[in-house]
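> For reference, the sequence and a predicted model appear below.
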Amino acid sequence: MTSLILKNLTLPNGSGADIEIEKGRITKIGSVSGSGIDCAGLQALPGFVDAHTHLREPGFEASETILSGSRSAAAGGYTAVMAMANTSPVTDTAEVADFILDAGVRAGFVEVKPIGSVTKGLQGAELSDIQGLSESRSKVRMFSDDGVCVFDEDLMRQALVAVKAFNGVIAQHAQDPTMTVGAQMNAGALAAELGMAGWPAEAEESIIKRDAELAEQTGSRLHICHLTTAGAVEVVRWAKARGINITAEVTPHHLLLTEELVRGYDSVYKVNPPLRRLEDTLALREALLDGTIDVLGTDHAPHSREKKECEWQNAAFGMVGLEHAASVLQEVLIQSGASWERFANVLSVKPAQIAGLEHQGQLSVGSIANIALIDPTAKRVIERQTNSKSVNNPFAGITLPGRIVHTIFKGRFTLKNTQIQEQQ
Amino acid sequence: MQKRVVLDSPDIDRALKRIAHEILEANEGPQDLVLLGIPTRGKYLAERINFLLGQIDPGYQANCGVLDITMYRDDATNAERRIQTTSIPECGITDKVVVLVDDVLYSGRTVRAALDAITDFGRPRQVKLAVLVDRGHRELPIRPDFVGKNLPTAKTERVRVLLNQTDGQDQVVIG
Amino acid sequence: MRHLTSIRELTKDAAISLLDNAQQLSQVNDREVKKLPALRGKTVVNLFFENSTRTRISFEVAAKRLSADVINFSADSSSVSKGESLKDTAQTLEALGADAIVIRHPLSGAPKLLAEQDWISASVINAGDGSHEHPTQALLDALTIRQGFGLSQDLSGLKVLIVGDILHSRVARSNILLLNLLGATVTVAGPRTLIPVGIEQMGTTVNSSFEDALSAKPDVVMMLRVQKERMQGEFFSSTAAYSKAWSLEGDRLAMVGQDALILHPGPMNRGFEISSEAADDPRSQVLRQVSNGVAVRMAVLYRCLSGEQL
């Protein structure tokens, strides 16, 4: 097998270099002789890692499959995605986890790693087989009931204790269900005007506070999914200052979109947790810049048309995000003066660490060649249709910077010159 | 296009006076006459003819009203259309001789609408039409009974009637 | 103006122009021939997902006075109860020739959605959606107030008090928006649990005492219809307790200024949120509201369907 050489790219630290790849690994970074693919003007980054993806398979294949979701991920520069557990059946057993793992390998576009559910059937009553999941072929390290909150405090404590044995992590969907009965959107003046039940910020903040204290007591790793409020940022900041083992995530849509979009009752903007006020968006951006928020997680949540083309209240929560995450992050981070190294940390290095993915988040000699190459000078108007099976795309029509030109997964081009590359 | 004054204030006075005389002549007197002006400017022209009729023939019972035809139009336009008050004189219009009054007669569609509107208020013995300007280009088989001035125009031209009551001066302008 | 789903879609000029037209159209009621040919050949569908005989009839009379054909389509007697989507229902109605869809829906936002998605090209008129808006009710209230005070333009300088269950009231929301647009000052009063957090930002002050609010001498007291079943448990201890604190009766009626107007969107719960004494008081505008309802809906239908753009 001949080597693959990427010429004249820019490394995260800003220096120019060539990269040589052999047998799926990076064999040289620097000046490489011989001809290769010209990457002049392209920013090389370790392949992106999404700690929060809903691939919908098994159970909801009309919305997405592991294959279609993997393609969408590759088109977005990803080389690994963490598949959320709210499938049908729920990923609460080794069988389901391994099914997802194998389907991901067959798809071959990204590393698909299953997330186990915290509770059986996401019912919030009884822990799932956490140990069994951790010892399965999938070696599940991340557990989450995302979509619903692990509300029972004792159950949450047990879960934190259970994952500690193998340095696992609980990813919490922070939402006090008693404060959000029938909630449709952010609570406040706009919800009052639009005549819909609101989702108070306290419902998110109170759970984060509680869980941070549980993490402190147990010494376990806690990851907070999709932060959305200025208050939640404050809680995480406080917890980090106390030395609690907590990491926090923000989604592309909560960085860019606000509740004002709800005015037209177009359910493409219906998402859990809801779009918030501009003040919250600004606080999230600041927290991402100062490191209070660790990672960008897409919460890519495809839904078939019939689940979205209906009255707001009858529509499903969620929006797609895999193919625009990097552009949103460029808009928020790079255009605020942050470095590409920080960008790589947020979108690749840190999520790989949190999820326990050993072969992701690295761009160094000897590591598996998982690489994303961005044209940072590009500008594009986002189209509604992506590689996802679903079109619940809230970014449609928005102009964003940057374009993913190549994605390389284990030394293979999954995206080349912006075109998806099917497996041979 | 060059603007041109085709009737000035004395011309308009003369024209209205002549119309008033012709109305009385055609009706063989002032009996049973009801004037209905079509807003906006037809309303003021009707009031002026009404006043002149009283001056010419003291036996004339002033019966002058307003007929808004907005809701009877058959042409949808994008213009802002404000519905005006319709006021029919106390005596009603049944068995009367109704004289419709408008400023400019053009396609005839306004008059058609007015004829429909009249039907909803009663059954006149006769309906006649008085206009200050007839500019031609009829789209319907309608002709005026009393005309202030026949004005040959091109379809592209615009005829504007200015009146003291609405515009601060009496003038008919083409251009 | 192709649709009317929220008062937010109106400018002040557009609102006043609608009221002016409604004022003119209200005279049709006094004519022998109570019909105008303006919408001849047009088809108006009343698409009601929620029962409301009054509103439906009002729209029906309005459409018929303008010579439109009217089709009544109620959700419980249709395929909607079999799970047909709003989109399919609307497209079906349009295929049947609907030029305007007058929609009443229990969920906030359904009319807005129908107007803004590319599902249909018919006009959409909101006849009340969930606890969001009821714009034609607010317009008829504004017309009634304008007539009551002999005004011909806006309502600047007037103080309007809206009383009752603000939380669930689409009438209150549309009125707050429209009255503000027309320059009036709005206060809402009701039990704290029935006033949505943040409502002030729509342009109203909040008072949690009826007496206190009345002592500010409002020019208009607008009582809301209260759903009795909602006044129990979660929001209020009992219906009797609600009535005691929030009914317009006795001493409270005496506090209402002699020149003030009393409005109620109907149907009234006599003896509950409003006493018979107040309902039949000369200051009560309830019947005028009903007849103005037809005029306002004629003006709205005419404006939406006559091809005019505002």
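Thanks, I have it.

> show me where the stretch 101-250 of chain A has helices.
In order along the chain, the stretch 101-250 of chain A carries the following helices (DSSP state H, counting those that start in this stretch): A:130-135, A:153-164, A:189-194, A:201-218, A:230-241.

> In terms of helices and strands, where is the residue nearest the centre of chain C?
Central residue check for chain C by CA atoms, centre = their mean: the C-alpha nearest the mean position is that of C:Gln137, 1.8 Å away. With secondary structure defined by DSSP states H and E, C:Gln137 is part of helix C:135-148.

> For that helix, which helices and strands make contact with it?
Under the contact definition 3 or more CB pairs under 8 Å, 6 or more residues apart in numbering or on different chains; DSSP states H and E, helix C:135-148 sits against helix C:12-25, strand C:123-129, helix C:170-181, strand C:220-223, strand C:261-263, helix C:286-305. Where you see a C-beta, it was placed from the backbone N, CA and C, and this is true even at glycine.

> Ok, which of those comes nearest chain B?
Comparing those by their distance to chain B (CB to the nearest CB), the top pick is helix C:12-25, with 4.0 Å.

> What is the subsequent helix or strand relative to the closest one?
The first helix or strand that comes after helix C:12-25 along the chain, using DSSP H and E, is strand C:43-48.

> got a list of contacts for that following strand?
C:56, C:59-60, C:63, C:68-75, C:89-90, C:93, C:96-104, C:122, C:127, C:301, C:305 (CB atoms under 8 Å, 6 or more residues apart in numbering or on different chains).

> These, buried ones only, as a PyMOL selection?
Under the burial definition 16 or more other CB atoms under 10 Å in any protein chain shown, those of those that qualify are selected in PyMOL by:
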select buried, chain C and resi 56+59+60+63+68+69+70+71+73+74+75+89+90+93+98+99+100+101+102+103+104+122+127+301+305
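
> Just to be sure, which of the contacts of strand C:43-48 are found in helices?
Where the contacts of strand C:43-48 overlap with helices, as defined by DSSP state H, the overlap consists of C:56, C:59-60, C:63, C:89-90, C:93, C:301, C:305.

> I'd like these written out as TSV, with distance to chain B and pLDDT added.
Formatted as TSV, the entries for these read as follows, by distance: CB to the nearest CB, whole Å; pLDDT from 0 to 100:
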residue	distance to chain B	pLDDT
C:Arg56	23	96
C:Phe59	18	98
C:Glu60	18	98
C:Ala63	13	97
C:Thr89	28	92
C:Ala90	23	94
C:Leu93	22	93
C:Leu301	11	96
C:Leu305	9	92
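
> show me the contacts for B:Gly92.
B:121-122.

> which regions of the chain sit below the pLDDT cut-off?
Looking at chain A here, since you left the chain open. A:1 (pLDDT under 70).

> wrong chain, I was asking about chain B
Along chain B, the model assigns pLDDT under 70 to residues B:1, B:76-80.

> so where do the helices sit in it?
Read by DSSP H, chain B holds these helices, from start to end of the chain: B:9-27, B:41-56, B:109-119, B:164-167.

> Which of those helices sits closest to A:Val110?
With CB to CB, the closest approach to A:Val110 among these belongs to helix B:109-119: 68.0 Å.

> got the angle for that closest one vs helix B:41-56?
Relative orientation of helix B:109-119 and helix B:41-56, computed by axes from the mean of the first three to the mean of the last three CA atoms, to 10 degrees: 70 degrees.

> Tell me the buried residues in helix B:109-119?
Residues B:109-118 are the ones in helix B:109-119 that count as buried (16+ other CB under 10 Å).

> Contacts for that helix next, please.
Among residues not part of helix B:109-119, those counted as contacts by CB under 8 Å, 6+ apart are B:36, B:38, B:67-69, B:71-75, B:86, B:93, B:98, B:100, B:102, B:105, B:124, B:127, B:129, B:139-140, B:142, C:37.

> any chance you could map the helices in the stretch 201-310 of chain C?
Defined through DSSP H, counting those that start in this stretch, the helices belonging to the stretch 201-310 of chain C, from first to last, are C:210-215, C:239-246, C:250-255, C:276-279, C:286-305.

> Show the contacting residues for residue 145.
Because you didn't say which chain, this covers chain A. For A:Asp145, the set of contacting residues under the criterion of CB under 8 Å, 6+ apart consists of A:85-86, A:117-119, A:122, A:124, A:173.

> should've been chain C
Taking CB under 8 Å, 6+ apart as the definition of contact, the neighbours of C:Ile145 are C:151, C:155, C:158, C:160, C:184, C:219-220, C:261, C:263.
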